[in-house]
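Q: got a predicted model here, sequence first, then my questions.
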Amino acid sequence: VAADCVAALAERDWPGDIELGEQLQTLLGTGPTPMLRPLPVDLAELADILEGDPTHGGGLLDLHTGEVWPQATIDYAHDNSGEIAGAPDEDDDPDRWLPVECEGSHEGYHDMEVFIDTLTDPNQADRLQIAIQGRGAFRRFKDILGCTPNELDRWFSFSEERQRGRARTWLADAGYKPFTAPTTAYPV
C-alpha cells in the first residue's frame with residue numbers, strides 16, 4: 001500500500017509530494033535516507049505563517065520544540081514584557097530560531113485555479129472563474145462554493161493539503177522534515 005502511495009504521489013506531483021514520497025520510501029527501505037533533521041512541527045501552523053499577510057506576517061520556528069511563532073504573537077509578547085511563556089527572546093540562542101518569511105497568497109490563488117479545473121459542473125466552474133478576478137477573490141470563491149457544501153468541504157481539504165505540501169517543501173529546503181512525536185497513553 002505504501003509503495004502505491006509513493007507512485008500516486010509521484011504521479012500527482014503537488015508541492016511537497018516528492019518529500020513525502022521520499023520519506024515513505026525511506027520507511028519502506030526502498031530509497032535513500034534523506035539528510036533532513038526531524039522536527040515535530042505542525043504543518044498547518046507553518047503554512048498559516050508562510051501564506052499569511054506579507055505586511056504583518058512571518059514569524060519564527062523553534063528548532064528545539066517545533067513551535068511556530070507568528071510575528072504578531074512575538075510582538076505582543078515583547079510589548080507586554082514577555083508575558084507569554086516560551087516566547088522568543090532576542091537574547092536567546094540564535095541557532096534555536098528559524099525565521100519564517102511570509103510568501104503571501106499567490107500560491108493560494110493558484111490553488112483556486114487548479115481546483116476549478118477539477119470541477120465537473122461547467123456552470124459552477126465559469127462562476128468561480130469570474131469570482132476569482134480582482135480584490136476579494138478568496139471570499140467570493142468561498143461564497144459561491146458555499147452553495148454546494150460538498151464542494152466547499154472538498155475545497156477545504158484540497159487547499160489544506162496543498163498548503164501542508166508547500167510547508168513540507170519549505171521545511172525540506174531548510175534542512176528539516178516534519179514528524180509527529182509519539183504520544184504515550186496512560187491508563188486512567
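A: Done, it's in.
Q: so what's the residue count around G175?
A: Number of residues near G175 (other CB atoms under 10 Å) recorded here: 13. Yep, even glycine has a C-beta here, placed from its N, CA and C like the rest.
Q: cool, and T169?
A: 18.
Q: then the one 10 residues further on?
A: For F179, the tally of surrounding residues (other CB under 10 Å) stands at 14.
Q: and the pLDDT at it?
A: We note a pLDDT of 84 for F179 in this prediction.
Q: beyond whatever helix or strand R140 lives in, next helix or strand please.
A: Per DSSP states H and E: R140 is located in helix 137-145. Counting by DSSP H and E, the next helix or strand C-terminal to helix 137-145 is helix 149-173.
Q: any idea how far the helix or strand that comes right after that next one is from the chain center?
A: Next helix or strand after helix 149-173 toward the C-terminus (DSSP H and E): strand 176-178. Strand 176-178 sits 12 Å away from the centroid of its parent chain (CA atoms, centre = their mean, to the nearest Å).
Q: identify each buried residue in the helix or strand of the chain with the lowest mean pLDDT, please.
A: Between all helices and strands in the chain, the lowest mean by mean pLDDT, DSSP states H and E belongs to helix 71-79, at a mean of 82. Neighbour-count burial for helix 71-79, counted by 16 or more other CB atoms under 10 Å, picks out Q71, I74, A77.
Q: could you dump it to CSV, C-alpha only?
A: What follows is helix 71-79 as a C-alpha-only set of coordinates in CSV (Å, rounded to 0.1, in the frame of the first residue of the first chain):
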residue,chain,number,x,y,z
GLN,A,71,5.3,37.6,14.3
ALA,A,72,2.2,39.2,15.8
THR,A,73,2.4,36.9,18.9
ILE,A,74,6.2,37.7,19.2
ASP,A,75,5.5,41.4,19.0
TYR,A,76,2.7,41.1,21.6
ALA,A,77,4.9,39.2,24.0
HIS,A,78,7.6,41.9,23.7
ASP,A,79,5.2,44.7,24.1
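Q: ok, now which ones touch R164?
A: Counting by CB atoms under 8 Å, 6 or more residues apart in numbering, R164 touches G16, L43, A44, A47.
Q: between those, which is closest to G66?
A: L43 (10.3 Å; CB to CB).
Q: from what I can see the closest one touches R168, true?
A: Yes - with contact defined as CB atoms under 8 Å, L43 and R168 form a contacting pair (6.2 Å).
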